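*Asks:* Quick check, what structure comes out for this input:
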Amino acid sequence: MRIGDELAPLRIPITRTLIVSGAVATRDYQDVHHDAEAARAKGSPDIFMNILTTNGLVGRYLAEHFGPEAELRRVAIRLGAPNYPGDEMVLSGRIVSLAGDADGQTAVVEVTGANALGHHVTGQATVRLPRGADA
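*Replies:* Numbering: from 1, shown residues only. Got it, this is the predicted structure:
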């Protein structure tokens with residue numbers, strides 16, 4: 001693992017089921033995440049993904065890359081373009097800093113999730129890998 005290393009991209013189809021189930025699973029009952037008519041009445045063309053679902057998908061992306069030994073220490077993300085049903089989000093990442101000690105390494109990863117409208121999510125995450133863990 002080196003500074004500048006790119007993580008393999010992860011393509012996620014954005015479905016109504018993903019948006020609604022993510023909202024329900026995170027107890028976000030705002031109507032714009034499950035009711036298309038209400039979303040349109042509030043100026044959106046359709047329902048859209050909530051930030052908690054996006055945060056979970058970023059966590060999944062990092063866990064799949066770094067493996068089960070990794071600890072997600074910090075996730076700081078910002079939302080941009082909404083994720084609407086029928087689109088696809090592509091998550092990508094790049095290691096921007098590394099620090100190591102006798103017990104392992106800590107990596108800071110820049111994460112971006114893009115869809116047809118632009119960047120849905122941008123941010124950084126800190127991941128701790130114990131000594132001997134592969135990334």
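
*Asks:* Next, please give the residue ranges for the helices of this structure.
*Replies:* For the chain, helices defined by DSSP state H occupy the ranges 16-25, 36-41, 51-66.

*Asks:* now the longest one, how far from the centre of its chain.
*Replies:* Read it as helix 51-66. Distance, stretch centre to chain centre, for helix 51-66: 4 Å (Cα atoms, centre = their mean, to the nearest Å).

*Asks:* on that earlier part again, compare the helices of the chain and give me the one nearest residue 88.
*Replies:* helix 16-25 (11.0 Å; Cβ to Cβ). Where you see a C-beta, it was placed from the backbone N, CA and C, and this is true even at glycine.

*Asks:* about what we covered before: okay, the helices of the chain in CSV with distance to residue 76 next?
*Replies:* Listed next are these as CSV, based on distance: least, Cβ to Cβ, whole Å:
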stretch, distance to residue 76
helix 16-25, 20
helix 36-41, 27
helix 51-66, 10
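
*Asks:* What separation do you get for residue 43 and residue 12?
*Replies:* 25 Å (Cβ to Cβ, to the nearest Å).

*Asks:* Between those two, tell me which one has more neighbours.
*Replies:* Just comparing residue 43 and residue 12: by other Cβ atoms under 10 Å the higher neighbour count belongs to residue 12, 17 against 7.

*Asks:* Before we move on, what's the pLDDT of the nearest residue to that one once chain neighbours are set aside?
*Replies:* Nearest non-adjacent residue to residue 12, counting by Cβ to Cβ, 6 or more residues apart in numbering: residue 89, 4.8 Å away. Predicted confidence (pLDDT) for residue 89: 98.
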